[in-house]
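# All I have is the shape, not the residue letters:
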């Protein structure tokens, strides 16, 4: 039963994908000088759990399919992960870099030193850094399995200590650490792009996913017993995120972009919000009767979340270019329509790739890491 798929976690994956697209849609609304601050908060603040919760989902699936009581064949494990993550990462990095060069007639990025930096830190497109961090998590999986065993034997107080250390480290990295403090230019570059590869930024949520998978029965019992407390925890942390954002905007007179750069997922309240969102969504999907018409939608979003995540910046570029040509600004109704079109367009691409890969399996391997499509 260890490898059984948990539908609640699959649904979380689909919701997280919607949140990631929402965050990038929110960034596009800044082109409007009179941006709707509340819609911006919905897209950029409420959705802030989306990227880190992917690490929760990834660790949960990883530790369900590779239980701690069974031996992990590291070589085979890494070969499979390279196929699933590294090949699509390299493919999409090249596609985004080629697109940039051909669009702007700028081939300077293909300079060897820049190519190395682009691939190392996931700079070809703004969403690809997630795959770099995920690869580092996979490469160091023996360490996380050892840590998971220690947590399972004695979850308390060690899980609380790990959370405290996570908050302290993220605060230091987000608000104190500066690349300019390092005279060595190579070290300064490594620090500058730390968010692209320092797995420790998301270590707690990753280990939380591992712990919940390894002790799944206890996890389910916990969510059943403390359901109301989990809902209150989620509501309070969401309120904390929004209060922080509105305080920065109205109390500190910061612009919405500057406010989001402070009220993000690595802030202390952001870390708690991510944990609360993971517990809340799992409890909601596990213990609530989902309306039958909604279930196929959730499964569709979950099944295609990976290619949607990879392709949607392309669609953002062409949608915003088309809007610029006709003089359309990102007003509230246009932003909503923009988001819906972005989701639908990305899903259609994912479905088309899946169908095309039945004839040309190499396409599926390069673009989604699957050598044979699911039927």
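It's in. Treat the numbers as computed from the prediction; the structure is a model and nothing was measured. Residues are numbered from 1 along each chain as shown.

# check contacts around residue 316.
Shown in contact with residue 316 (CB atoms under 8 Å, 6 or more residues apart in numbering): 24-25, 28, 342. (Glycine included, C-beta is placed from N, CA and C.)

# Tell me the spacing between it and residue 188.
According to CB to CB, to the nearest Å, residue 316 stands 31 Å off from residue 188.

# Other residues contacting stretch 130-144?
Contacts for stretch 130-144 (CB under 8 Å, 6+ apart): 51, 54-55, 58-59, 62, 72, 74, 77-78, 81, 85-86, 88-89, 120-122, 196-199, 201-202, 206-207, 210, 309.

# Would you mind listing the buried residues in that stretch?
130-135, 137-138, 141, 144 (16 or more other CB atoms under 10 Å).

# can I get these in TSV with secondary structure, distance to residue 15 and pLDDT?
Below are those laid out as TSV (DSSP: H, G, I helix; E, B strand; the rest coil; distance: CB to CB, whole Å; pLDDT from 0 to 100):
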residue	secondary structure	distance to residue 15	pLDDT
130	helix	16	96
131	helix	20	97
132	helix	23	97
133	helix	20	97
134	helix	19	97
135	helix	24	97
137	helix	21	97
138	helix	23	97
141	helix	26	97
144	helix	25	97
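
# Would you mind pulling the contact partners of stretch 58-70?
2-4, 6, 9, 72, 77, 134, 137, 141, 144-145, 148-149, 152, 205-210, 212-214, 216.

# which of those residues count as buried?
6, 9, 77, 134, 137, 141, 144-145, 148, 205-210, 212-214, 216.

# Tell me which helix or strand the closest residue to residue 368 other than its chain neighbours sits in.
Distance criterion CB to CB, 6 or more residues apart in numbering; nearest residue to residue 368, sequence neighbours excluded, is residue 307 at 5.2 Å. Assigned by DSSP states H and E, residue 307 belongs to helix 305-326.

# Going by neighbour count, which residues of the helix or strand that comes right after that helix are buried?
Sequence-wise, the next helix or strand downstream of helix 305-326 (DSSP H and E) is helix 332-356. Under the neighbour-count criterion of 16+ other CB under 10 Å, helix 332-356 has 335, 338-339, 342-343, 345-347, 349-350, 353-354 buried.

# Same check on stretch 19-28?
Counting neighbours by 16+ other CB under 10 Å, one finds that the buried residues in stretch 19-28 are 19-26, 28.

# Report the mean confidence score over the helix or strand harbouring residue 87.
Assigned by DSSP H and E, residue 87 falls within helix 87-104. Per-residue pLDDT over helix 87-104 has a mean of 96.

# ditto for stretch 237-252
In this model, stretch 237-252 has an average pLDDT of 98.

# please begin residue numbering at 160 from this point
Got it, first residue is 160 now, which makes that one stretch 396-411.

# Would you mind pulling the contact partners of it?
196, 200, 204-205, 207, 413-415, 417-419, 421-422, 426, 428-429, 431-432, 434-436.

# Likewise for stretch 500-515?
For stretch 500-515, the surrounding residues in contact (CB under 8 Å, 6+ apart) are 177, 180, 184, 459-460, 463, 465-467, 470-471, 474-475, 478, 522-523, 526-527, 532-533.

# From the residues you listed, keep the buried residues only.
180, 184, 460, 463, 465-467, 470-471, 474-475, 478, 522-523, 526-527.

# right, and out of those, which lies closest to residue 452?
Checking the buried ones among the contacts of stretch 500-515 against residue 452 by CB to CB gives residue 460 as the nearest, at 13.7 Å.

# quick one: buried residues of the strand or helix carrying the closest one?
Secondary structure from DSSP H and E places residue 460 in helix 453-462. Judged by neighbour count using 16+ other CB under 10 Å, the buried positions of helix 453-462 are 457, 460-462.

# And for stretch 253-270?
In stretch 253-270, counting by 16+ other CB under 10 Å, buried: 254-256, 259, 268.

# Switch those over to TSV; also include distance to residue 336.
Formatted as TSV, these follow (distance: CB to CB, whole Å):
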residue	distance to residue 336
254	32
255	28
256	29
259	29
268	27
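
# Out of those, which is nearest to residue 321?
The closest of the buried residues of stretch 253-270, once distances to residue 321 are taken by CB to CB, is residue 255, at 35.1 Å.

# just checking, that closest one touches residue 472?
Yes: with contacts counted by CB atoms under 8 Å, residue 255 reaches residue 472, the gap being 7.3 Å.

# Now for those two: what residues contact both?
residue 284.

# want to throw the buried residues of stretch 178-187 into CSV with pLDDT, distance to residue 448 and secondary structure?
Below are the buried residues of stretch 178-187 laid out as CSV (pLDDT from 0 to 100; distance: CB to CB, whole Å; DSSP: H, G, I helix; E, B strand; the rest coil):
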residue, pLDDT, distance to residue 448, secondary structure
178, 97, 23, helix
179, 97, 27, helix
180, 98, 27, helix
181, 97, 26, helix
182, 97, 30, helix
183, 97, 32, helix
184, 98, 30, helix
185, 97, 32, helix
187, 97, 36, helix
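
# Go through those and say which is closest to residue 453.
Distance to residue 453 across these (CB to CB) is lowest for residue 178, with 16.9 Å.

# OK, contacts around the closest one?
By CB under 8 Å, 6+ apart, residue 178 lies in contact with 205-209, 212.

# Name the member of those residues that has the highest neighbour count.
With neighbours taken as other CB atoms under 10 Å, the top of these is residue 208, carrying 29 neighbours.

# Contacts only, for it.
Contacts of residue 208 by CB under 8 Å, 6+ apart are 175, 178, 424, 432-433, 436-437.

# Now go through the residues you listed and say which are in helices.
175, 178, 432-433, 436-437 (DSSP state H).

# out of the residues you listed, who's nearest residue 449?
residue 175 (16.7 Å).

# In this structure the closest one contacts residue 212, no?
Yes: counting by CB under 8 Å, residue 175 touches residue 212, with 5.0 Å between them.
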